[in-house]
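**Q** what would the 3D arrangement of this be:
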Amino acid sequence: MRNRILVILFLFATIYLFGTEQAPDIIFFDGTLYYIDMNHDESPLESYFTGVNIRPFFSLAPEGLQSTGNGRGYVASWIIIQDKLYLLAIDSWLEDKKVSLNDFFQIPEREMVFAEWYSGTIHLKLQQYIYREINNIFNIRIENGNVVSINEE
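**A** Coordinates of the predicted model:
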């Protein structure tokens, strides 16, 4: 009986323990800077690294620095233009080299990449870090890089 009570107390005590909130990707939409809510979503870039495309080890600095606040090792920048999702940049390092979109995509320098690999819903918020609070402004449903619906919260 005592063990059951201890287990129940432990479960109730851990309900309010959460991991470090993850650094969000940023996205420009309708002329405004938003953040992708990483409590709901993974970065759309993670979908690119499934199947054929092997995910590299991203780091936050040339020495391989990692952070509990950014387990992905990068922050991606996105934009929605004419109902299409584009990748603008990846802020990260691969060993001792700053990441460029050309490391993964065969594009001219300073070009953005149409995110045709991504299908899912992204939740946009105005503030970068709001731990466990809801401040989502839009939920955007995307199919193969194309916006199919936008719902305001």
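
**Q** which parts of the protein are helices?
**A** Using DSSP state H, the helices of the chain run over residues 2-14, 44-48.

**Q** weakest of these by average pLDDT?
**A** The stretch with the lowest mean pLDDT among these is helix 2-14, at a mean of 57.

**Q** apart from its chain neighbours, what residue comes closest to residue 124?
**A** Closest residue in space to residue 124, ignoring its immediate chain neighbours: residue 34 at 4.0 Å, by C-beta to C-beta, 6 or more residues apart in numbering. For glycine as for every other residue, the C-beta is placed from the backbone atoms N, C-alpha and C.

**Q** against residue 28, how distant is the nearest residue to residue 112 once chain neighbours are set aside?
**A** Nearest residue to residue 112, sequence neighbours excluded (C-beta to C-beta, 6+ apart): residue 86, at 4.1 Å. Distance, residue 86 to residue 28, using C-beta to C-beta, to the nearest Å: 9 Å.

**Q** with residue 107 instead?
**A** Applying C-beta to C-beta, the value for residue 107 to residue 28 is 19 Å.

**Q** one step back: can you name the residues bridging to the residue nearest to residue 112?
**A** With DSSP bridges as the criterion, residue 86 is bridged to residue 79, residue 114.

**Q** shouldn't it be in contact with residue 118?
**A** No. Counting by C-beta atoms under 8 Å, residue 86 does not reach residue 118; the two are 10.5 Å apart.

**Q** contacts only, for the residue sitting nearest the centre point of the chain.
**A** The centroid of the chain falls nearest to residue 43 when counting by C-alpha atoms, centre = their mean (2.7 Å). With contacts defined as C-beta atoms under 8 Å, 6 or more residues apart in numbering, the neighbours of residue 43 are 25, 36, 72, 74, 76.
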